[in-house]
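Colleague: what follows is a predicted structure for the sequence shown.
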Amino acid sequence: MHVQVNIALKPSINYVTKDLIPFFTNFTLLFMIVSGFSLCCGYYTRIKEGTITPNAFYRKRYLRILPFFALLCLIDLAVEHDLGSLCEVFANMTLCFGLLPPDIKFHVIGVGWFLGVVFLFYMLFPFFVFMLDNKRRAWISLALALIFVLVSIEHFSAPGRKCMIYCAPLFISGGIAYLYRHELAEFGKRYSVCATIVMLILTVCFFMFKRHIHGQFISYIVQLLIFNVWLVYAIGSSNKVLNNRVVKYLMWYKHGNIPFTHVHIPRSREGAS
């Protein structure tokens, strides 16, 4: 996507270049759902039961994320060495830049906004655990969060995905998937063929008809649903489509030794990091 925007010779206009590739930017929403699920795998019970200290939790986040991200920022600063870049690098290296207003644009590591939102989720994770205390409260929290998204779109100038209000239902839905992980895993094992067929049909229908979906909130809901279908399928799947070593490693590295396919391993390993 970045290359397509910046190259002088543009590719021919077709379904792939016009619809499919631009849609890939929405995978950031999927990653937020996965982040909600995978962080719950490692820390939901430990936060809820108070068996991990704030120092241990946040220190692990910084040690996992900051070194490589700081290196990228410093390289960018070496290329664009001006006062503006210095200010942006400082904000980036605190990892707290998700607290800034969502309309602020960063030129240093421009896609870093996603990391800012995810780290803000880490900062607020104890509150998310409160909202996910039980299944009933989790569904109520999701409903209220979706209403808040609708209000933000219709009344508060649609702050977009750089705003935690906009992203909260995504993280919450990942947490709800965690609460139902055992049921989903059992369903996936028992009805694996049926689950695969349903997932494929819904995915094909989504890409066939998504251009006919109008309205930002309706589009948001549809994407929330299809991405959760993929996550649910991955939780219960025993094949290699969404349950493989590459996905496991990415989730292990991203969240600090937290296995993405947690439901397939003994419960005693939960939060082993």
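Modeller: Cool, got the structure.

Colleague: could you use CA atoms for every contact and neighbour count after this?
Modeller: OK.

Colleague: let me see the ranges of the strands in the stretch 51-200 of the chain.
Modeller: Assigned strands in the stretch 51-200 of the chain: none (criterion: DSSP state E, counting those that start in this stretch).

Colleague: does the residue positioned nearest the centre of the chain sit in a helix, a strand or a coil?
Modeller: Of all residues in the chain, the one closest to the mean position by C-alpha atoms, centre = their mean is residue 32, 1.0 Å from it. Secondary structure, DSSP: H, G, I helix; E, B strand; the rest coil: residue 32 is helix.

Colleague: for it, give me its contacts.
Modeller: Shown in contact with residue 32 (C-alpha atoms under 8 Å, 6 or more residues apart in numbering): 118, 167, 170, 171, 174.

Colleague: would you mind giving those residues as CSV with distance to residue 208 added?
Modeller: Shown next, in CSV, are these (distance: C-alpha to C-alpha, whole Å):
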residue, distance to residue 208
118, 30
167, 25
170, 23
171, 27
174, 25
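
Colleague: what about burial for these, which qualify?
Modeller: 118, 167, 170, 171, 174 (16 or more other C-alpha atoms under 10 Å).

Colleague: for the top helix by length along the chain, buried residues please.
Modeller: In the chain, assigned by DSSP state H, the helix with the most residues is helix 54-79. Residues of helix 54-79 classed as buried: 57, 61, 64, 65, 69, 70, 73, 74, 76, 77 (neighbour count, 16+ other C-alpha under 10 Å).

Colleague: also stretch 82-99?
Modeller: 85, 86, 88, 89, 91, 92, 93, 95, 97, 98.

Colleague: so how far is that stretch off the chain centroid?
Modeller: Here stretch 82-99 is found 22 Å from its chain centre; the criterion is C-alpha atoms, centre = their mean, to the nearest Å.

Colleague: count residues in the vicinity of residue 230, would you?
Modeller: 18 (other C-alpha atoms under 10 Å).
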